[in-house]
Every structure is written in C-alpha cells, then in structure tokens.
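Participant: just need the structure, nothing else, for what follows:
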Amino acid sequence: MKILVFLKKTPDTESKIQISSNNSAIENGDVKFIISPYDEYAIEEAIQLKEKNAGTEVVIASFGDESVRELIIKGLAMGGDRGLLISNDGLAHLDSLGVAKVLAAAAKAEKADLVLVGKQAIDDDNMHVGTMLAELLDWAHVNVVTKLVIDGTNATAEREAEGGHVEVYKFALPAVVGANKGLNNPRYAALPGIMKAKKKPFDVKKPADLGVDAGALQSKVTIKSYKYPPQKAAGQVFKGEAIDAMVAKVVKALREEAKVL
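Facilitator: Below you'll find the predicted structure:
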C-alpha cells in the first residue's frame, strides 16, 4: 500500500501576523512557519498504518516553495519514507481548486492507495482542498476523522458530527481522508531522526512533471486585501455601589451597548 500525505506550511499559532503597508500581503519576515497541526495527525496516522501493514510506503509531499523542504524532512523524521516537493514557482497565489488539481495529479502519478490530509489548514480554515481533491480523483472522502481502520482494500472511518454524535463510514480504497485532533498523538521528531531523514529519497518536481499545464491554472478566487480584526472595546468595571445598582448598570450595558439582551 502506498500512502501519500500532503502537508501545508502555515504560520505558527503564536506568531504575530503583520500586514504589509498597502494591505496586499502578509509580512513573512519574522513569522515562524510550521506544519499545519492537523497535517501532523495525518502524518502520524500514515506512519501507524505503515507499522501495522508490512510493505507500506509513506510519501510526505507538499505544494510550495523551497522553504517547505524542512517541513517535509520533519515528516520524514517522524517516519515517512520519501519526500516530494511540488514547486509552486509562479503559482504561489493559486486558489484552492488550482491547488487541488496539482495535488490530484500528484496522487495519480504516485499511484497512491490512500491520501491523508489534515481536516483543514489553520491559516485560512477553508477546508476546501481535501474535498476538491477527492472529487477530482473521483475517490471516496471522509473528513474530520477521529478513527481509521484499514483492512486490505477496505476502510472504516469514524468522524465527529454535531451534538456529540459519531458517524461511521465504510468505503473502499483509494480514498482521501481528513485527519482531526483525537485521531492519534503525533510523535516527536528527534534530532537523530532528522539527521537520518536528510538522507532519505527526496524528489522535487514541477506541475508539468505531473502532467499539469501550469498556464491553464487560473484562480477563480483572488485576495484583494488583508485587514486586522476590529479591536475589542475596553471592558467596564462596576464597583463601589450597592449590588442591585451595579446589576442594573450591567444589564443596561448588555442591552443598550453590547446588544446581547
């Protein structure tokens, strides 16, 4: 079985995001980038499946620039077998559908049996790419997965639903599965593993190498500008009066200012 895991480079959740002076881009100079956390669950799941199924190959891949290499190597250090970087040179602002087309071509070229991705990326939170990827491949797709069992060419997945319910899906491979928190506990990539990972096979390809005409990839969605969320109003403190008087002022503020009553 061949498992292909796609990861995305995203800003660290603790990074302070700065917008350029003309509001057209995010300033990346001081931003620390990481593997999108949900993608780490996908990597860990692929490695655990490999440990349970002899002869399984895990390919860690991403569509991005050269800076993504170190993140792919981290995935190899966790236990992946081979790295694949698909260059986004000239395509850095491609929308979700365009990205999904490139990833679909990679999945076909790799003849993957299972594609694992995070349920969503933590930067844009759009959850589009995995679903689009499965649709383009005409494969089964289950997202927000918290348990996955593979038995030969058959799979069973559990996913969270509203109200605390759990949905169970049975499907045949090939398939695309979106990993959610709770699926597993991603292992730590120790330094020895990172050193060994640097010697593992690593391919760098262009979309054209996968049969994709980059010139035909036209984004239907463009970002016009970025802006910071509005600042929260300063809180009010009521003290030094009788309780009933302060309660009356709180209720009035909630009704007339916050408009939540």
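Participant: SS state for the nearest residue to Lys119 once chain neighbours are set aside?
Facilitator: Among residues not flanking Lys119 along the chain, Gly178 sits closest, at 4.2 Å (CB to CB, 6 or more residues apart in numbering). C-beta here means a position set from N, CA and C on the backbone, and glycine is covered the same way. Under DSSP: H, G, I helix; E, B strand; the rest coil, Gly178 falls in the strand class.
Participant: tell me which strands the longest strand seen in the chain pairs with, and in which orientation.
Facilitator: For the chain, the longest strand by residue count, based on DSSP state E, is strand 140-151. Using DSSP bridges, strand 140-151 pairs in its sheet with strand 154-160 (antiparallel), strand 175-179 (parallel).
Participant: list the buried residues of the helix or strand that the first one is followed by.
Facilitator: Past strand 154-160, heading to the C-terminal end, the next element that is a helix or strand (DSSP states H and E) is strand 166-172. With burial defined by 16 or more other CB atoms under 10 Å, the residues of strand 166-172 counted as buried are Tyr169.
Participant: over to stretch 30-46?
Facilitator: By 16+ other CB under 10 Å, the buried positions in stretch 30-46 come out as 33-46.
Participant: now swap in stretch 46-65 and tell me
Facilitator: So for stretch 46-65, counting by 16+ other CB under 10 Å, buried means 46-47, 49-50, 56-64.
Participant: repeat for stretch 206-218
Facilitator: Residues of stretch 206-218 classed as buried by neighbour count (16+ other CB under 10 Å): 207, 210, 212, 214, 217.
Participant: and the gap between the third one and Val142?
Facilitator: Here Val212 is placed at a distance of 26 Å from Val142 (CB to CB, to the nearest Å).
Participant: how about Glu51?
Facilitator: In terms of CB to CB, Glu51 sits 22 Å off from Val142.
Participant: picking up where we left off before, tally of neighbours for the residue nearest to Lys119?
Facilitator: Residues lying near Gly178 (other CB atoms under 10 Å) number 28.
Participant: how about the one 3 residues further on?
Facilitator: Other residues lying near Lys181 total 15 when counted by other CB under 10 Å.
Participant: cool, and Lys259?
Facilitator: Neighbours around Lys259, by other CB under 10 Å: 8.
Participant: quick one, what contacts it?
Facilitator: Residues near Lys259 by CB atoms under 8 Å, 6 or more residues apart in numbering: none.
Participant: mind telling me what element it is part of?
Facilitator: Using DSSP H and E, Lys259 falls outside every helix and strand.
Participant: with just CA atoms, put stretch 104-120 into PDB.
Facilitator: C-alpha atoms of stretch 104-120 as PDB (Å, rounded to 0.1, in the frame of the first residue of the first chain):
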ATOM      1  CA  ALA A 104      -4.700  15.300  -7.700                       C
ATOM      2  CA  ALA A 105      -2.100  15.000 -10.500                       C
ATOM      3  CA  ALA A 106       0.500  14.000  -7.800                       C
ATOM      4  CA  ALA A 107      -1.800  11.400  -6.300                       C
ATOM      5  CA  LYS A 108      -2.300   9.900  -9.800                       C
ATOM      6  CA  ALA A 109       1.400  10.000 -10.600                       C
ATOM      7  CA  GLU A 110       2.300   8.300  -7.300                       C
ATOM      8  CA  LYS A 111      -0.500   5.700  -7.800                       C
ATOM      9  CA  ALA A 112      -1.400   6.300  -4.200                       C
ATOM     10  CA  ASP A 113      -3.900   3.900  -2.500                       C
ATOM     11  CA  LEU A 114      -4.700   6.400   0.300                       C
ATOM     12  CA  VAL A 115      -4.300  10.100   0.600                       C
ATOM     13  CA  LEU A 116      -4.200  11.600   4.100                       C
ATOM     14  CA  VAL A 117      -4.500  15.300   4.800                       C
ATOM     15  CA  GLY A 118      -5.400  17.500   7.800                       C
ATOM     16  CA  LYS A 119      -9.100  18.300   8.100                       C
ATOM     17  CA  GLN A 120      -8.200  21.900   7.400                       C
END
